[in-house]
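Asker: build me a model from this:
(one chain, ligands or ions: 1)
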Amino acid sequence: MAQWIVNYLPTWNIIRISGIAAYVLLFAGVFLGIAQGMPMAKGKPKAVMFKWHTRTTWLAFGLGLVHALTLYIDHYSPFTWGALLIPFTASVHPIGSGLGTLSFYGLVIVLLSSDLRSKLGRKWWFLFHMLSYPVFIGLLVHGMVTGSDAGNIILRMMYVFTGLSIIGITVLRGMLRERKGPEITIGPKWTPSEPAAEQKWVEGYGLAGTVQPKHLK
Ligand code: HEM
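Answerer: Alright, predicted model coming up:
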């Protein structure tokens, strides 16, 4: 029965659709994470952006998992557990698939460290959270070099648009920080015992507020 279902599942379409949807959700998650840290983001809009930042990133993880597991049951070009789990060992698209696996591990670290932030402390949480940038870039390149649809003009434009948007909003936030200097309006209060340089980083990269305060949970 299980084999019958697997044989009739449109696995290739599931792999493509879940991969593209996971990437778009990850883009939304990273974009919202940066946007909610902008100096002008305050109050309810900031809280809503933060909520969707978390939701979209978790959804990206879920769909990324569906995407990878469907590669395992795919009947046309199945992946072994080794090819899925050990980067750069796949016989199909070894580099692109390896990037997918590595980035997926990075995403797991970002999500787990966010859940364990109270145990890790702000400094370690922040350092792990910075992995979001290489994870996003890794998955952008992964989609572009591995995907069967990567030659499609609409998808190419999507990769260019999403990549440029993340660069643009990151630069904009850096510029606004220099002029105005954002204030932490969400998240736990900064404790004076923690180093000032780290606080500057957190503020500069708009990560202030990615630690969810109790009243928003
Ligand atoms: C969150 C994690 C992941 C995301 C967001 C993601 C995203 C994508 C995207 C956007 C595509 C292009 C789809 C297309 O153009 O048709 C793709 C294709 C592909 N991905 Fe991933 N991926 C992830 C994880 C992985 C992992 C862990 C592997 C395991 C090696 C993997 C292997 C592949 C392969 C082999 C393809 C080519 C499928 C085809 O024939 O079109 N991906 N992925």
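Asker: residues of the protein that sit close to the ligand?
Answerer: For the chain, the residues in contact with the ligand (C-beta under 6 Å from any ligand atom) are 15-16, 19-20, 22-23, 26, 60, 64, 67-68, 71, 84, 90, 92-93, 97, 100-101, 104, 107, 139, 142-143, 146-150, 155. In short, each C-beta sits where N, CA and C put it, glycine included.
Asker: which strand or helix spans the residue nearest the centre of the chain?
Answerer: Most central in the chain under C-alpha atoms, centre = their mean is Leu26, positioned 4.3 Å from the mean C-alpha point. Assigned by DSSP states H and E, Leu26 falls within helix 11-35.
Asker: also Ser113?
Answerer: Taking DSSP H and E as the definition, Ser113 sits inside helix 94-115.
Asker: list the buried ones in that helix?
Answerer: 96-104, 106-107, 110-111, 113-114 (16 or more other C-beta atoms under 10 Å).
Asker: state the mean pLDDT of it.
Answerer: Helix 94-115 shows a mean pLDDT of 97.
Asker: buried ones in whichever helix or strand comes after that helix?
Answerer: Per DSSP H and E, helix 94-115 leads on to helix 117-120 as the next helix or strand towards the C-terminus. Under the neighbour-count criterion of 16+ other C-beta under 10 Å, helix 117-120 has Arg117, Leu120 buried.
Asker: buried ones in the next helix or strand after helix 117-120?
Answerer: Following helix 117-120 in sequence order, the next helix or strand is helix 122-129 (DSSP H and E). Residues Arg122, Trp125, Phe126, Phe128, His129 are the ones in helix 122-129 that count as buried (16+ other C-beta under 10 Å).
Asker: could you do stretch 34-53 as well?
Answerer: 34-39, 41, 46-47, 49-50, 52-53.
Asker: ok, now stretch 62-78?
Answerer: Leu63, Gly64, Val66, His67, Ala68, Thr70, Leu71, Ile73, Asp74.
Asker: after the longest helix along the chain comes which helix or strand?
Answerer: For the chain, the helix with the greatest residue count under DSSP state H is helix 43-73. Where DSSP H and E defines the elements, the next helix or strand beyond helix 43-73 is helix 81-85.
Asker: same for that next one, what does it pack against?
Answerer: Counting contacts by 3 or more C-beta pairs under 8 Å, 6 or more residues apart in numbering; DSSP states H and E, helix 81-85 is packed against helix 43-73, helix 94-115.
Asker: so the last one versus helix 122-129, what angle?
Answerer: If you take axes from the mean of the first three to the mean of the last three C-alpha atoms, to 10 degrees, helix 94-115 sits at 160 degrees to helix 122-129.
Asker: the longest one too?
Answerer: Using the same axes, to 10 degrees, one finds that helix 43-73 and helix 122-129 are set 50 degrees apart in direction.
Asker: so which elements touch helix 43-73?
Answerer: Here helix 43-73 touches helix 11-35, helix 81-85, helix 94-115, going by 3+ C-beta pairs under 8 Å, 6+ apart.
Asker: among those, which is nearest Val171?
Answerer: Minimum separation from Val171 across the helices and strands packed on helix 43-73 (C-beta to C-beta) falls at helix 11-35, 10.4 Å.
Asker: now find how far off-centre the closest one is within its chain.
Answerer: Centroid separation for helix 11-35 versus its chain: 8 Å, with C-alpha atoms, centre = their mean, to the nearest Å.
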